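**Student:** Here is a sequence with its predicted model. Questions after.
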Amino acid sequence: MDILVVGSGGREHAIVWALSKSPRVNRLYCAPGNGGIASLAQCVDIAATDLDGMTDFARETGVDLVFVASDDPLALGMVDRMEEAGIRAFGPRAQAAALESSKAFSKDLMKRYGIPTAAYAVFSQLEEALSYVETHPLPLVVKADGLALGKGALIARTRDEARDAVRSMLEGHAFGAAGATVVIEEYMEGDELTVMVFTDGETVVPMPCARDHKRAFDGDKGLNTGGMGAIVPGHRATEAERKEWMDLIIRPTVDAMRAEGRRFQGVLYCELMLTPLGPRVIEFNARFGDPEAQAVLPLLRTDLVEIVEAVIDRRLNEIAVEWDSSESCCVVMASGGYPEKYQKGYEITGLDEVEALVFHAGTRRESDRIVTNGGRVLAVTALAEHLEDAIAAAYREVAKIHFRDRHFRTDIGHRSTGR
Ligand code: AMP
Ligand code: GLY
């Protein structure tokens with residue numbers, strides 16, 4: 001079968017890599033792809049958000065399946081468009097992807113169905129938002145409603161900070177249309193965890209839980225980024241905890257979406273806060289996490305194509321999904337300056353010597369060289385029986401890769417080895 005993957009980051013490289021191992025796959029395409037994906041798939045220069053271009057390409061090439069991996073095309077309705085064109089597509093339709101693309105929608109859904117999350121209110125009027133800020137306890141979390149590359153949430157520890165955040169979104173249009181509505185919510189204390197599941201809208205198949213590291217610098221300092229590294233397991237969870245996440249949060253959400261006529265088919269990503277009062281939802285995403293996918297997919301034993309088809313055909317209950325018992329660590333190497341200003345076009349060396357998985361994000365091929373082409377450049381994933389050995393292996397391999405001004409965190413997973 002021929003498959004087109006939509007997207008261009010490390011997550012997409014991990015997905016293409018997992019698909020490439022399937023005996024069922026003939027040709028792989030990725031649009032737009034990157035310098036690393038190009039060694040496994042034919043990269044096609046179509047923007048991930050170009051619905052017309054992507055649908056035309058899929059139709060003309062006669063691909064059997066389209067895997068929509070990133071958030072923007074899902075929110076824009078790429079899966080709907082493919083289906084209208086008679087092409088099988090993996091990922092939620094736009095109505096279901098709203099769980100990620102509108103925080104106001106997902107918060108309201110959680111409230112209506114009793115799914116535990118931080119208390120909140122939604123505003124599009126400046127004065128109302130400002131008066132809420134005056135009367136609610138600090139810290140407060142101010143979030144843009146729409147998609148903002150993981151950078152649309154601000155934790156305000158003073159009223160001045162909260163007022164500034166509200167003003168910059170509602171008045172200064174800091175996140176454009178995504179910030180024309182803001183969600184202001186209660187601050188939750190606890191450890192963060194990523195729980196991703198495959199779902200066909202009814203059956204739910206959990207993946208091993210993961211932990212992202214969002215801040216740019218060691219010790220969780222610096223600005224929020226798309227993610228600087230991930231580990232599996234994200235938490236040494238007991239059977240009872242895992243059951244609680246499914247029974248209290250994931251299944252009720254999947255059922256709620258079906259009840260709302262927004263059946264969710266694809267990968268549901270739940271970011272949890274493990275608070276002293278129990279697990280609470282920080283947010284939902286409608287796709288694999290990045291970098292979490294790069295730590296989780298290498299542990300998947302079952303053919304990803306089998307899972308994808310079972311999700312699309314709504315028969316996920318018929319297949320057994322198996323995982324390797326290894327633990328994993330993924331360390332992201334970024335361009336110096338990310339997530340703010342950075343330079344592109346630096347040559348990357350040492351890749352041939354690496355004895356671990358390397359997933360490219362912002363890279364580009366330039367004749368026989370690979371050069372940097374984005375903020376997050378690539379990531380190294382290592383597996384081992386114990387997390388601490390996976391961490392050591394990932395860092396040993398990271399040390400072999402060089403490019404000018406490279407930046408990576410040196411403490412990925414260090415709080416979580418559980419030993
Ligand atoms: P989000 O864009 O909703 O994923 O938020 C980005 C980051 O802000 C999260 O990964 C958390 O670290 C933090 N955050 C978001 N909401 C809350 C909250 N209600 N309480 C504490 N931290 C939060
Ligand atoms: N790692 C966070 C995300 O994918 O949204």
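**Tutor:** Structure's in. What do you need? Ligands and ions are numbered 1, 2, ... in the order given.
**Student:** Next up, identify which helix or strand R262 is on.
**Tutor:** If you go by DSSP states H and E, R262 is not part of any helix or strand.
**Student:** what residues are up against it?
**Tutor:** With contacts defined as Cβ atoms under 8 Å, 6 or more residues apart in numbering, R262 is in contact with R93, Q95, A96, A98, L99. Any C-beta I mention is one placed from the backbone N, CA and C, and that applies to glycine too.
**Student:** Distance across stretch 383-390, terminal residue to terminal residue?
**Tutor:** Stretch 383-390 has an end-to-end distance of 5 Å (Cα to Cα, to the nearest Å).
**Student:** which one of the contacts of R262 is nearest Y395?
**Tutor:** Nearest to Y395, judged by Cβ to Cβ, of these is L99 at 35.3 Å.
**Student:** helices or strands up against the helix or strand where the closest one lies?
**Tutor:** Assessed by DSSP H and E, L99 sits inside helix 94-101. On a contact count with 3 or more Cβ pairs under 8 Å, 6 or more residues apart in numbering; DSSP states H and E, helix 94-101 meets helix 71-76, helix 78-84, helix 103-112, helix 251-259, strand 266-275, strand 278-285.
**Student:** any residue of that helix up close to ligand 1?
**Tutor:** No: remark: helix 94-101 sits outside contact range of ligand 1, by Cβ under 6 Å from any ligand atom, the gap being at least 9.9 Å.
**Student:** List the contacts of the residue in the stretch 201-350 of the chain positioned nearest to ligand 1.
**Tutor:** Per Cβ to the nearest ligand atom, E283 is where the stretch 201-350 of the chain lies closest to ligand 1, at 3.8 Å. Applying Cβ under 8 Å, 6+ apart, we find E283 in contact with E100, K103, S106, E271.
**Student:** one step back: can you redo the contacts of R262 as TSV, where the extra columns are pLDDT, neighbour count and distance to D255?
**Tutor:** Converted to TSV, those look like this (pLDDT from 0 to 100; neighbours: other Cβ atoms under 10 Å; distance: Cβ to Cβ, whole Å):
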residue	pLDDT	neighbour count	distance to D255
R93	98	22	17
Q95	98	16	16
A96	98	26	13
A98	97	23	16
L99	97	26	13
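**Student:** Closest one of these to A240?
**Tutor:** L99 (26.2 Å).
**Student:** how near is that closest one to T253?
**Tutor:** Look at L99 and T253: by Cβ to Cβ, to the nearest Å, they are 8 Å apart.
**Student:** coming back round to it: can you redo the helices and strands packed on helix 94-101 as JSON lines with mean pLDDT?
**Tutor:** Shown next, in JSON lines, are the helices and strands packed on helix 94-101 (pLDDT from 0 to 100):
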{"stretch": "helix 71-76", "mean pLDDT": "97"}
{"stretch": "helix 78-84", "mean pLDDT": "98"}
{"stretch": "helix 103-112", "mean pLDDT": "95"}
{"stretch": "helix 251-259", "mean pLDDT": "98"}
{"stretch": "strand 266-275", "mean pLDDT": "98"}
{"stretch": "strand 278-285", "mean pLDDT": "97"}
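**Student:** what about these, which gets the closest to ligand 2?
**Tutor:** Using Cβ to the nearest ligand atom, the nearest of these to ligand 2 is strand 278-285, at 5.1 Å.
**Student:** Just give me how far stretch 4-12 sits from the chain centre.
**Tutor:** 11 Å (Cα atoms, centre = their mean, to the nearest Å).
**Student:** same deal with stretch 196-210?
**Tutor:** On Cα atoms, centre = their mean, the centre of stretch 196-210 falls 14 Å from that of its chain.
**Student:** Next, the buried residues of stretch 132-145.
**Tutor:** For stretch 132-145, a neighbour-count test (16 or more other Cβ atoms under 10 Å) marks Y132, V133, P139, L140, V141, V142, K143, A144, D145 as buried.
**Student:** could you check whether stretch 181-196 is close to ligand 2?
**Tutor:** No: judged by Cβ under 6 Å from any ligand atom, stretch 181-196 makes no contact with ligand 2; its nearest approach is 6.9 Å.
**Student:** end-to-end on that stretch?
**Tutor:** Using Cα to Cα, first and last residues of stretch 181-196 are 27 Å apart.
**Student:** re the thing from before, show me which of the buried residues of stretch 132-145 is closest to ligand 1.
**Tutor:** Nearest to ligand 1 among the buried residues of stretch 132-145, with distances taken as Cβ to the nearest ligand atom, is V141, at 4.2 Å.
**Student:** Excluding sequence neighbours, find me the nearest residue to the closest one.
**Tutor:** E185 (4.9 Å; Cβ to Cβ, 6 or more residues apart in numbering).
**Student:** What distance do you get for the one you found to L76?
**Tutor:** Taking Cβ to Cβ, one finds E185 at 26 Å from L76.
**Student:** same question, I312
**Tutor:** Counting by Cβ to Cβ, the gap from I312 to L76 is 19 Å.
**Student:** Flag the shaky bits of the stretch 101-250 of the chain, pLDDT-wise.
**Tutor:** 149-151 (pLDDT under 70).
**Student:** would you list every one of the helices in it?
**Tutor:** Secondary structure of the stretch 101-250 of the chain, counting by DSSP state H, counting those that start in this stretch: helices at 103-112, 126-135, 159-170, 239-244.
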